[in-house]
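J.: Show me the folded form of this:
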Amino acid sequence: MAKPKPVTKAPNRRGSPEAIEKRRAARMFNDVLGGGGAGAGKLDGRTEKRRKRLMKELEDGMARGSRELKPLDVLQRVQELMDLGEPLSSIRKVAKIRKSNLPPESMIDVVDRLQKAYAFRPEVYRFVGIGEDVLRTAGVLQAEAARRGKKRR
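T.: Just a heads-up that it's a prediction; the model follows:
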């Protein structure tokens, strides 16, 4: 009796970076050529649902309703909402701004390393209680000004 050959499944390529980029490029192409100029500022359904979920998580202080948001989670969510075009004022209405009880001197090195790794916008640090003096000392504000200067040229 012959052994049956194991069935090999085709790899799931739906989530590959190439497939994601293809879908994004196709959506953009359809928006540009399909007369989507009037609705160009409007988010697609999935992005709108993501925006709403991020806002709800910031409001509740919980990630998907199961665990409390860590300070890095707050920074990432605020950054992503700003990238989606959400105004800072509406984020400020729902997010609870945390107070930091650490001395600013102890936070400078940590903020510097975090900024080099993640390149957050300076505004997002307010939501975890980090002030401008720490950002200025850590070089975040100067780096942001230099980045903006390069874009304008």
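J.: going forward, measure contacts between C-alpha atoms and count neighbours the same way
T.: Fine.
J.: Where in the chain is the helix or strand with the lowest mean pLDDT?
T.: For the chain, counting by mean pLDDT, DSSP states H and E, helix 140-152 ranks last in confidence among helices and strands (a mean of 67).
J.: after whatever helix or strand residue 27 lives in comes which helix or strand?
T.: Per DSSP states H and E, residue 27 falls inside helix 17-33. Remark: after helix 17-33, the chain's next helix or strand is helix 45-60, criterion DSSP H and E.
J.: domains for the chain, by residue range?
T.: As assigned by automatic domain parsing, the chain contains the domains 44-96, 104-152.
J.: Nearest to residue 18, out of these?
T.: domain 44-96 (18.9 Å; Cα to Cα).
J.: give me phi/psi at the residue nearest the centre of the chain?
T.: In the chain, the residue lying closest to the centroid (Cα atoms, centre = their mean) is residue 80, at 2.3 Å. Taking degrees, to the nearest 10, you get phi -70, psi -40 for the backbone angles of residue 80.
J.: Start at 573, not 1
T.: Happy to do that; since the first residue is 573 now, the last one works out to residue 652.
J.: roughly how far apart are it and residue 692?
T.: From residue 652 over to residue 692 the distance is 10 Å, taken as Cα to Cα, to the nearest Å.
J.: same question, residue 626
T.: For residue 626, the distance to residue 692 (Cα to Cα) stands at 17 Å.
J.: Who has more neighbours out of the two?
T.: Taking other Cα atoms under 10 Å, residue 626 and residue 692 do not tie; residue 626 has more neighbours (22 against 18).
J.: wait, what's in contact with that one?
T.: 649, 653 (Cα atoms under 8 Å, 6 or more residues apart in numbering).
J.: For the nearest residue to residue 623 once chain neighbours are set aside, give me its contacts.
T.: Sequence neighbours aside, residue 653 is the residue nearest to residue 623 in space, at 6.5 Å (criterion: Cα to Cα, 6 or more residues apart in numbering). Taking Cα under 8 Å, 6+ apart, we find residue 653 in contact with 623, 626-627, 663.
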